[in-house]
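J.: Build me a structure from this.
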Amino acid sequence: MRVDVLTLFPAMFDGPLNTSILKRAQADGHLDAQVHDIRAYTTDKHHTCDDTPFGGGAGMVMKIAPLAAAIEAISATDERPPHVIYLTPDGTTLTQAIAQELRTQPRLMLICGHYEGIDERVRTRYVHQELSIGDYVLTGGELAALVVIDAVTRLLDGVISADSLAEESHSDSLLEYPHYTRPAVWQEMDIPAVLRSGDHGAIARWRRLQRLERTFQRRPDLLAHAQLDKHDRAFLRSLGWHDPLWTERPPRKHTPKPLPEPSSARHDTAE
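T.: Next up, the predicted model:
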């Protein structure tokens with residue numbers, strides 16, 4: 001996958017893109033991340049990228065000309081047209097499902113806004129998708145772009161083992177179970193005994209229940225999208241979860257059966 005990042009502050013990407021999984025993904029050929037300075041596409045000697053908003057108001061707006069020039073020039077460097085994403089607080093909140101969809105794109109282009117945002121005409125003409133990483137405001141879109149790159153890169157084939165991905169939080173709308181490593185006892189805090197039992201079936205069941213309980217306690221909204229069997233649902237109901245598929249049966253009323261009519265005894269009187 002190729003990812004082009006358009007930003008006013010390219011230095012913000014130097015560390016993260018050259019560390020850990022992102023560095024390895026690039027070295028192994030799974031990710032081609034290219035960071036572009038929007039100022040390189042200006043035409044004045046001051047490399048002006050922002051201006052005051054029409055109609056007045058606080059702050060500055062990123063100009064349309066440098067952004068349009070950057071998008072068109074960078075798009076033309078590869079035969080694969082980019083899926084253009086603008087990082088903005090009013091975008092759709094990034095989820096694991098969206099990251100899964102983005103991993104199928106051969107090429108992404110991420111636009112990092114600043115100040116009061118970008119000229120709306122850029123959004124209208126070029127942007128295919130607008131994403132946010134939460135209900136808060138950042139100084140710019142750079143940190144959000146890094147979150148998108150990391151979330152998507154981890155899902156590319158060959159970057160992380162399939163087993164690791166399958167057990168991660170949000171992979172199936174459930175949070176991950178607790179993890180422990182040596183020592184088994186630390187300051188009188190022991191690990192759950194089942195993890196030392198050697199019973200892989202029991203460990204798998206414990207982990208499943210832990211995932212269910214943790215999701216119910218911390219992100220109950222995720223349960224609406226999780227694949228739950230009848231045992232999962234019964235366990236969650238025992239914790240107090242309102243199961244939308246569960247209809248409690250009313251207690252059966254006991255209606256006593258009518259007693260049979262007593263048979264008439266025949267009394268033959270001997271004459």
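
J.: The stretch 1-150 of the chain: strands as residue ranges?
T.: Along the stretch 1-150 of the chain, counting by DSSP state E, counting those that start in this stretch, strands occupy 2-7, 32-37, 50-51, 61-62, 83-93, 107-112, 129-132.

J.: packing partners for the last one?
T.: Secondary-structure packing of strand 129-132 (3 or more CB pairs under 8 Å, 6 or more residues apart in numbering; DSSP states H and E): strand 83-93, helix 142-153. For the C-beta atoms, the positions are set from N, CA and C on the backbone; glycine is no exception.

J.: Same check on the fourth one?
T.: Applying 3+ CB pairs under 8 Å, 6+ apart, we find strand 61-62 packed against strand 50-51.

J.: L175 against R218, yeah?
T.: Yes - between L175 and R218 there is a contact under CB atoms under 8 Å: 6.2 Å.

J.: So for these two, which sits in the more crowded spot?
T.: L175 (19 against 11; other CB atoms under 10 Å).

J.: Need the strands of the stretch 1-150 of the chain in TSV (columns: distance to R214).
T.: TSV is the format used below for the strands of the stretch 1-150 of the chain (distance: least, CB to CB, whole Å):
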stretch	distance to R214
strand 2-7	32
strand 32-37	33
strand 50-51	45
strand 61-62	41
strand 83-93	21
strand 107-112	32
strand 129-132	25
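
J.: For D229, which of those is the nearest?
T.: strand 83-93 (28.6 Å; CB to CB).

J.: average model confidence for the closest one?
T.: For strand 83-93, mean pLDDT is 97.

J.: where in this protein is pLDDT low?
T.: Applying pLDDT under 70 to the chain flags the ranges 166-170, 248-255, 257, 259-271.

J.: Which parts of it are helices?
T.: 14-17, 20-27, 64-75, 96-102, 120-125, 142-153, 162-166, 200-218, 230-239 (DSSP state H).
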